[in-house]
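1. How does the following fold in three dimensions:
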Amino acid sequence: MRGRNGIITCLLPFVLGMTVLTTGVAAQSSPRPGQAGLASLVLPGAGQVWQGRRWGFALVATDLAMAGSAVWTAAEGRDGQDRYERFADFHWDRQRWLDYLATYEMLTGEAWPHQHHTLPPEEVRDHDYYEMIGKYDQFAPGWDDWAAEVDDPVQGDSLHREDYLGQRATANRWLSWSVTAGGLIFLNHVVAAAEAWLWGRSHDGAPRLQVGLRHPDPGGPVLWTLHLRLGTGR
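-> Have a look, this model is predicted:
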């Protein structure tokens, strides 16, 4: 389901952009600047292609590649998240952790020294829960292979905990790349739309009233006159 939704999300801007482009080409050969800008806002490059600039196809391909990358890395990140959560559910146990803390207090007469963070309620297994059981030493005794050092029952090692931390780091890296790709996609849409609009403004040939000041006789008296001219954007 995730893969199917990702493909739909990736292809939707392409379908919309191609629809705008095809409709525009069928209606008129040269789009207005706003039309070209809107087309490239939906799908970068669509407005440029509509304006007759074939390099816009490179923008279309780039946007599709970045969208595909965002979808793929997000899917990898979510799959990795599912894997490390299942791993933690199998190898870390809240009751095991509580039992070790109670045993430590009974044997030493002191409370476990690393009590700085509080887990969510037992029925809640959210992002904070999965972060804390791996990140903080106070929850280390909850791992099923945790072994305390002989001369220091507070310190210990757990290969499962190390494996879990590696899995979380990998999944978070995929998700971070997905967010970065999403930001680049947004920037690409805005820049492509602005470029298509600006290019259209300077090449659409629409009549404009041009207003300025002109000095008709450089060698004569200093006299500036208001100059009005109806011209085009070319």
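2. what ranges do the strands span in this structure?
-> For the chain, the strands defined by DSSP state E cover 147-149, 152-157, 207-214, 225-232.
3. For the longest helix anywhere in the chain, what does the pLDDT average out to?
-> In the chain, taking DSSP state H as the definition, the longest helix is helix 159-203. For helix 159-203, mean pLDDT rounds to 93.
4. From the contact counts, what lies against it?
-> helix 33-42, helix 46-50, helix 56-91, helix 127-135 (3 or more Cβ pairs under 8 Å, 6 or more residues apart in numbering; DSSP states H and E). (Glycine included, C-beta is placed from N, CA and C.)
5. pLDDT below threshold where in this protein?
-> Residue ranges of the chain with pLDDT under 70: 1-29, 149-154, 204-234.
6. let's see 50
-> 1, 3-4, 6-8, 25-26, 209-211, 222-223, 227-228, 230-234 (pLDDT under 50).
7. what's around Pro140, how many residues?
-> Quick fix: residue 140 reads Ala, not Pro. A count of nearby residues for Ala140, using other Cβ atoms under 10 Å, gives 21.
8. Leaving out chain neighbours, which residue sits closest to it?
-> In space, and not counting its chain neighbours, Ala140 is closest to Trp146: 5.5 Å by Cβ to Cβ, 6 or more residues apart in numbering.
9. Pretty sure that neighbour sits against Ser158.
-> Yes: taking Cβ atoms under 8 Å as the definition, Trp146 is a contact partner of Ser158 at 4.2 Å.
10. Find the residues that touch each one of these two.
-> Each of Ala140 lies in contact with both Trp146 and Ser158 under the rule Cβ atoms under 8 Å, 6 or more residues apart in numbering.
11. Counting neighbours, what do you get for the closest residue to Leu184 other than its chain neighbours?
-> Closest residue to Leu184 apart from its sequence neighbours, by Cβ to Cβ, 6+ apart: Met66 at 5.8 Å. The number of residues packed near Met66 is 19, by other Cβ under 10 Å.
12. still on that earlier bit, ok, and which of the helices and strands packed on helix 159-203 has the densest surroundings?
-> Ranked by mean neighbour count, these are led by helix 46-50 with a mean of 28 (mean count of other Cβ atoms under 10 Å).
13. For it, C-alpha coordinates in PDB please.
-> This file holds the C-alpha atoms of helix 46-50, laid out as PDB (Å, rounded to 0.1, in the frame of the first residue of the first chain):
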ATOM      1  CA  ALA A  46       5.900  22.200 -18.400                       C
ATOM      2  CA  GLY A  47       5.700  26.000 -18.800                       C
ATOM      3  CA  GLN A  48       9.100  26.100 -20.500                       C
ATOM      4  CA  VAL A  49       8.100  23.400 -23.000                       C
ATOM      5  CA  TRP A  50       4.800  25.200 -23.600                       C
END
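14. and it, what other elements does it pack with?
-> helix 2-27, helix 33-42, helix 56-91, helix 159-203.
15. With distance to Met132 as added columns, please give the ones you listed in JSON lines.
-> Listed next are the helices and strands packed on helix 46-50 as JSON lines, based on distance: least, Cβ to Cβ, whole Å:
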{"stretch": "helix 2-27", "distance to Met132": "26"}
{"stretch": "helix 33-42", "distance to Met132": "43"}
{"stretch": "helix 56-91", "distance to Met132": "11"}
{"stretch": "helix 159-203", "distance to Met132": "11"}
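16. And Trp146, how far from Ala194?
-> Between Trp146 and Ala194 the computed distance is 56 Å (Cβ to Cβ, to the nearest Å).
17. Fine by me, thanks again.
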